[in-house]
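# What would the 3D arrangement of this be:
(2 chains)
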Amino acid sequence: MASSPPMSAARSASVGYRRHHAFRLVVLVILLAVLALLIVQPLGWIVFNSFHDDDTGRWTLRNYAQIFASTSLWAPLFNSLLLATAVAVISTLLGVPLAWLVARTDMPMRGFIRLFTMAAFVTPSFIGALGWILLAAPNSGWLNVGWRALSGADWPLLNIYSMTGTIFVCSIYTVPYTFTLVSSALEEMPVELEDAATTLGSGVLKTMFSVTIPLVMPAVLVGFILSFIQGMTLFGVPAFLLTPSGTLVVTTKLAEFYQLFPPALYMSAAYCMPLIAITGMLFYARRRILGRRQFTTVGGKGRAGRKIRLKGWRLVALVFALFVPVTAVVLPYVAIVLVSLSRAWGLGPVPSNLTLHWYRWAIFENAETQRAIVNSLVYAGIAASFCMVIGILVAYIVERKLLRGAGLLAALVTIPIIIPGIVLSVGFFSAYTRQPLNLYGTAMLIIAAFVATFLPIAYSQAGSILKGISPDLERAARSVGASEARTFASITAPLMRGGLVAGWLLVFIPIMRELSVAIFLVSPRTNVMTTLIYNYKDGGNYEAVCAASALLLFATLIVVLLARFVTEGAAYRRRNAASLGAAP
Amino acid sequence: MAAFSRRHVLMGGAAGLAASALRITPVSAADDELYAAAKKEGALNLYWGSYEQKTIEEIRDAFKAKYPGIEVSLLRQASQTIFTRLRLEIQNDAVQCDSIGTTNLLHYKDLQKIGAIQPFKPSNIDMVPEAFRGIDPENTYHVGAISLTTINQSTSVTAPPASWTALLDAPWANQITTGSPAFSGDVASWVVAIRKKYGDDFLRAFAKQKPKVGQSNVDTVTDILSGERKVGSAAPFSYSLTQQAAGNPIGVTVPSDDAILNLGLTAVPTKAPHPNAGKLFTDFLYSVEVSNILAKNFWPTLRTDVPWAEGRTLESIKWYRNPVDNLSAEVAEGIAKWKEIIG
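Numbers count the residues shown, from 1 in each chain, chains lettered A, B, ... in the order given. The predicted model follows:
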């Protein structure tokens, strides 16, 4: 949407026009260059690799032929689809009502539930799987032991080593995506629409399903897609929970490719291509569903300030809302913290077995852990910030259709997240270990990989916020002479702020717990917490694994609380301003 | 038990020191020259997958103490990850690694084939048990670690299975935990060995016992400590002993039909940026210091004159090592058979 050329030849207007266009051009060129480096180049290498033979290094179509021909390669894809779909459905069914309860109602313990849902987000899912093995392994799981003692039955109540168990664990650690996206959208929504429904006699639940949720549909769909992708790309949970039943999913199959001689890196690259197609279809479906419908919730008027009263339903709601915090955080962390405080975890939580040794060791004695904690926080902070900047720019261009082919741009920034980290890691390695861009061993390489991987989250979040902001506000600014940049900086950006902090956290946290994309990129100096934790797990040192995980959780939660503090402050000021302006 | 083991370690250490004092002149002269060259290079990048984080960190620290002036960086990741990374570095002509140490012989066969590792003879290789000297006639790779695969069991088991075949007896149905050969090199080499000894009939009978199959062989210890299963097959000897020493209720049984011995190996890449430092580290691996660290962490030592923890020696254990000639094909076949029979 270009501004129309000045009709009169007033000199200053023409200079302003040219300056405006020059600025726009510079921003676009820089953005496209960054995206080319960050995404096109590594992705290009992955595609290039997929057409090469692992044994000979020559061009071939054999990898693709093999995928089509071999049923043993189809089965993991099918299992992954099943897992991912189930995870997406369950996370949406749990996450959306949870977000509504926390953001819009007077349910008790909202702060606690918000914090603990974020804590579930912070937990690397393989740690969660570990906790659940302690809880629900068929013979030894504490819950099963308790069940047998109570019921006298000789069969286990729960079996975590199953597809159902895997879906359950993946889902509870994925709910936070939907929760964060939807709750931040709900917080921006005006209360009048719900009031209107209530006035017309609709009950609380009916209002929620017929007014509130449809209005935040963009956020719900993004949550669904991200959950689906999460279900597709998780490695730790299926590796722990599905290996005993011999069930393979895409990520565990990829791990097998990497165990071959020579490692089937090129085959793995080809094996990821169906995933890109599947995700492409999802995003296409999203566009079809959202279509040209309006989701503008942020107009010129005041926003949500009042909570919906649940009355007698408060306790029922609380029981529902506690499900994720209890199953994803409280129960597994009881197990994890007990192990981290043990001299030898096999002895159980008896007084003589308790020690703070592993914490002392991780914080004060071991230089590797100290460096890794600092690295993780710094890299995740920088990468999340870059992600948001790029994500907002791309979303702005796409949503306001500033560029022909903007849809292509949107597709491009979305691809990396669906490619399992281990394959992406090889792509980054290929792209950045040769001249002129040899970044091997540097922090920059890891940060770049994190930015590329998690850009889709930043972009999606920015896009769903922008969908909620009426372009009328921007048009008003433009019509009184503000440039595009100025409009963005002084109108759009401030309106997005609350959602942006949520978006930053949505990127920061997955980076903190990301393991596989860093795997071929870290150097001894740039090691991060998750690679270190995985090493301790590899060496079977579970006491150290659990202590380091508890520290990782603690460090991330501090950042979450700080960010929350910043948004709450902003929201408070805004609400005050709004209520002053819109006071009846 | 602990005091007993400590005394043995100390005795072993003292014996080792005395022994090395006798041979000190030639070793030290060669080392001095290498040290001077390594010091000139100034740095050493270790890529190691053999030994868990704690042990390899102790070895690194001992090296730093003995050879000041060389900046040592240690990248400790799983063996296959380390190998894949070095291969990527070679492919992109960006080799950073000066010393690679992994648990899989096939890595070195592959690297040797593409001329990626350089021949040299460590000055003190004669201290290594004879069976593991000169394992590569071209001297491009050398022993880096000795890893034993045995049976482990919960201390609640009073009469553990004494052999691999005893695992097939009725009492162990639904009680066995094991790793997967598709994920763990040690388990893969156990499958190759067991098929050589007993054929696929063993795997079929083993499948009837309904073992729980985890990923790594370390998972056997987890299952035993949590009480999920009672007996571990293809279990890690050294790691189980470490857990026992930490006070965990677990024990180790060396099967009468042989512990399966898997050699970890080490090499210096042809394009290593600090080749002399890499070679100096290989020499250091066969020093008394390192063998003492290994004994303390329940690993088999790399020197004949330093006994293992609790007074064990290589001679005191009945072990079997897979022949190397056709190993690559046998591993692939073993994994395929495992999947077909066990799942």
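
# which residues touch the nearest residue to A:Met496 once chain neighbours are set aside?
Leaving aside its chain neighbours, A:Met496 sits nearest to A:Ile465 (5.0 Å; criterion: C-beta to C-beta, 6 or more residues apart in numbering or on different chains). For every residue, glycine as well, the C-beta is placed using N, CA and C. The contact partners of A:Ile465, by C-beta atoms under 8 Å, 6 or more residues apart in numbering or on different chains, come to A:Ser184, A:Ala185, A:Glu188, A:Ala395, A:Met496, A:Gly499, A:Leu500, A:Gly503.

# now that we have the residues you listed, which one has the most neighbours?
A:Ala185 (30 neighbours; other C-beta atoms under 10 Å in any protein chain shown).

# element containing that one, please.
According to DSSP states H and E, A:Ala185 maps onto helix A:175-187.

# Chain B versus the residue nearest to A:Met496, what's the distance?
39 Å (C-beta to the nearest C-beta, to the nearest Å).

# Next: A:Gly146.
Taken as C-beta to the nearest C-beta, the span from A:Gly146 to chain B is 14 Å.

# Run a quick neighbour tally on that residue.
Look at A:Gly146: counted by other C-beta under 10 Å, it has 12 neighbours.

# Does it lie in a helix or a strand, and which?
Under the assignment here (DSSP H and E), A:Gly146 is part of helix A:142-151.

# Could I have the CA atoms of that helix written out in CSV?
What follows is helix A:142-151, C-alpha atoms only, in CSV (Å, rounded to 0.1, in the frame of the first residue of the first chain):
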residue,chain,number,x,y,z
TRP,A,142,5.1,-44.2,42.6
LEU,A,143,1.5,-43.7,41.3
ASN,A,144,1.3,-47.3,40.3
VAL,A,145,2.8,-48.5,43.6
GLY,A,146,0.2,-46.4,45.4
TRP,A,147,-2.6,-47.7,43.3
ARG,A,148,-1.6,-51.4,44.0
ALA,A,149,-1.4,-50.7,47.7
LEU,A,150,-4.8,-49.0,47.7
SER,A,151,-6.7,-51.3,45.4
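
# Quick one: distance of it to the chain centre.
Remark: helix A:142-151 is offset 35 Å from the chain centroid, using C-alpha atoms, centre = their mean, to the nearest Å.

# tell me which residues in the very next helix or strand once past it are buried?
As assigned by DSSP H and E, the chain's next helix or strand after helix A:142-151 is helix A:163-172. For helix A:163-172, burial by neighbour count (16 or more other C-beta atoms under 10 Å in any protein chain shown) applies to A:Met163, A:Gly165, A:Thr166, A:Ile167, A:Phe168, A:Val169, A:Cys170, A:Ser171, A:Ile172.

# try stretch A:431-439
Under 16+ other C-beta under 10 Å, the buried positions of stretch A:431-439 are A:Ala431, A:Tyr432, A:Thr433, A:Leu439.

# and if you look at stretch A:201-219?
Neighbour-count burial for stretch A:201-219 [16+ other C-beta under 10 Å]: A:Ser202, A:Val204, A:Thr207, A:Met208, A:Val211, A:Thr212, A:Ile213, A:Leu215, A:Val216, A:Met217, A:Pro218, A:Ala219.

# Could you check the angle the helix or strand containing A:Val451 makes with helix A:175-187?
According to DSSP H and E, A:Val451 maps onto helix A:443-468. Orientation check (axes from the mean of the first three to the mean of the last three C-alpha atoms, to 10 degrees): helix A:443-468 against helix A:175-187 gives 40 degrees.

# Next secondary structure after helix A:443-468?
Assigned by DSSP H and E, the successor of helix A:443-468 is helix A:471-479.

# and that next one, how far from the chain's centre?
Distance, centroid of helix A:471-479 to centroid of chain: 32 Å (C-alpha atoms, centre = their mean).

# Please save the CA atoms from stretch A:120-137 in PDB.
Extracted C-alpha coordinates of stretch A:120-137, given in PDB (Å, rounded to 0.1, in the frame of the first residue of the first chain):
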ATOM      1  CA  ALA A 120       6.000 -26.300  32.500                       C
ATOM      2  CA  PHE A 121       7.200 -24.500  29.400                       C
ATOM      3  CA  VAL A 122      10.600 -24.000  30.900                       C
ATOM      4  CA  THR A 123      11.100 -27.700  31.600                       C
ATOM      5  CA  PRO A 124      13.000 -29.500  28.800                       C
ATOM      6  CA  SER A 125      10.500 -32.300  27.900                       C
ATOM      7  CA  PHE A 126      13.100 -35.000  28.300                       C
ATOM      8  CA  ILE A 127      13.300 -34.000  32.000                       C
ATOM      9  CA  GLY A 128       9.500 -34.100  32.200                       C
ATOM     10  CA  ALA A 129       9.600 -37.600  30.700                       C
ATOM     11  CA  LEU A 130      12.200 -38.600  33.300                       C
ATOM     12  CA  GLY A 131      10.000 -37.300  36.100                       C
ATOM     13  CA  TRP A 132       7.000 -39.200  34.600                       C
ATOM     14  CA  ILE A 133       9.000 -42.400  34.400                       C
ATOM     15  CA  LEU A 134       9.600 -42.200  38.100                       C
ATOM     16  CA  LEU A 135       5.900 -41.600  38.600                       C
ATOM     17  CA  ALA A 136       4.200 -43.900  36.200                       C
ATOM     18  CA  ALA A 137       6.600 -46.700  35.100                       C
END
